[in-house]
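Student: Got a sequence here, can you model it:
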Amino acid sequence: MPTRRLGYLLKHANLRLAELTGPALEPYGIDGREFAVLSVLGTPEPLSQQEAAQRLGIDRSTMVAMVDALERKELVGRRPHPGDRRKNMVEPTEHGRDVLEKGARAMDAAEEAFLAALPADDARLLRELLDRLV
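Tutor: I've put the predicted structure just below:
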């Protein structure tokens with residue numbers, strides 16, 4: 001029975017979650033991928049593009065394109081790495097931090113809506129189990 005296959009269930013759960021998170025982020029002018037990049041770049045210590053790409057598990061050229069898009073939206077800025085001029089450090093702008101904060105609240109609400117069909121303990125367990133698998 002294909003509907004009980006893990007791949008099918010995960011794919012369709014992700015599609016359902018995307019149906020909630022996409023519209024939740026839309027008012028902030030970003031999508032889920034941009035939110036993920038902005039979240040990684042929003043850490044207290046600045047990251048290079050390469051470090052951010054590694055944390056996200058994406059290739060360097062995809063990361064460059066994502067940072068370019070966020071830079072055009074004035075959500076991040078690049079500056080030379082203090083110890084290696086071949087690298088760029090990327091940090092959210094003030095506007096980017098504001099979008100990240102508001103986007104995080106919107107994502108939290110979307111995830112809560114997604115998990116609303118589960119008792120709170122089951123929702124917490126699902127997160128824990130997925131975290132272990134990832």
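Student: Do you have the helices of this protein handy? List them.
Tutor: Listed in chain order, the helices found in the chain under DSSP state H are 6-25, 32-41, 49-56, 60-72, 94-115, 120-133.
Student: Quick check: which of the ones you listed is buried the most?
Tutor: Of all these, helix 32-41 has the most neighbours on average by mean count of other C-beta atoms under 10 Å, namely a mean of 20. For glycine as for every other residue, the C-beta is placed from the backbone atoms N, C-alpha and C.
Student: quick one: it to helix 60-72, angle?
Tutor: Angle of helix 32-41 versus helix 60-72, following axes from the mean of the first three to the mean of the last three C-alpha atoms, to 10 degrees, is 90 degrees.
Student: looking at the helices of the chain, which is closest to Arg85?
Tutor: For Arg85, the closest of those is helix 49-56, at 13.8 Å, according to C-beta to C-beta.
Student: So which elements touch the closest one?
Tutor: helix 32-41, helix 60-72, strand 88-92 (3 or more C-beta pairs under 8 Å, 6 or more residues apart in numbering; DSSP states H and E).
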